[in-house]
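K.L.:
return atomic coordinates for the entry below.
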Amino acid sequence: MMSRSNGHTVGRAVGGKVGEGGGRDRVTLKCATPQVSEILNSIKVIKMFAWERPLAQRISDIRCMEVDRLKQYGYVSALQVRHLSNP
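P.N.:
A predicted model of the protein is given here:
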């Protein structure tokens, strides 16, 4: 069976009451918490590195489109200035 204690799940003996077993479960929980946190942080880092290349490629593609549009805008603006300044 499992019980909840202070927001953490701790195991208890079958047929035992909550609170029996004393500090054994709490000690195990205190030892396990940093390890679980380290594992979760490692998973986050691995996921971040897995997305790094595809995300960088996507950003690069978007930036190229942006630069192309800015060039087109510059050409059109130059043509308008030239056309309007020629009487």
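
K.L.:
helices or strands up against the helix or strand Lys71 falls within?
P.N.:
For Lys71, the enclosing helix or strand under DSSP states H and E is helix 23-85. The elements that helix 23-85 packs onto, with contact taken as 3 or more CB pairs under 8 Å, 6 or more residues apart in numbering; DSSP states H and E, are strand 8-11. In short, each C-beta sits where N, CA and C put it, glycine included.

K.L.:
kindly recompute the last result at 10 Å.
P.N.:
strand 2-5, strand 8-11 (3 or more CB pairs under 10 Å, 6 or more residues apart in numbering; DSSP states H and E).

K.L.:
let me know the average pLDDT across stretch 48-60.
P.N.:
Across stretch 48-60, the average pLDDT comes to 88.

K.L.:
got the contact list for that stretch?
P.N.:
Stretch 48-60 is contacted by no other residue when judged by CB atoms under 10 Å, 6 or more residues apart in numbering.

K.L.:
could you list the low-confidence segments of the protein?
P.N.:
Residues of the chain that meet the criterion pLDDT under 70 lie in 1-30, 87.

K.L.:
let's see 90
P.N.:
In the predicted model of the chain, residues 1-38, 44-56, 82-87 satisfy pLDDT under 90.

K.L.:
burial check on Glu38, number of neighbours?
P.N.:
Burial of Glu38 is recorded as 10 neighbouring residues (other CB atoms under 10 Å).

K.L.:
what's the spacing between it and Val45?
P.N.:
Summarising the geometry, the distance separating Glu38 from Val45, computed by CB to CB, to the nearest Å, is 11 Å.

K.L.:
tell me, how many residues neighbour Val76?
P.N.:
Quick note: Val76 (other CB under 10 Å) scores 10 neighbours.

K.L.:
what does Asp68 give?
P.N.:
A total of 10 residues lie near Asp68 under the criterion other CB under 10 Å.

K.L.:
now it: how far from Gln35?
P.N.:
Distance of Asp68 to Gln35, given as CB to CB: 50 Å.

K.L.:
same question for Arg69.
P.N.:
Using CB to CB, one gets 50 Å for the distance from Arg69 to Gln35.

K.L.:
likewise Val67?
P.N.:
Applying CB to CB, one obtains 47 Å for the distance of Val67 from Gln35.

K.L.:
fine by me, thanks again.
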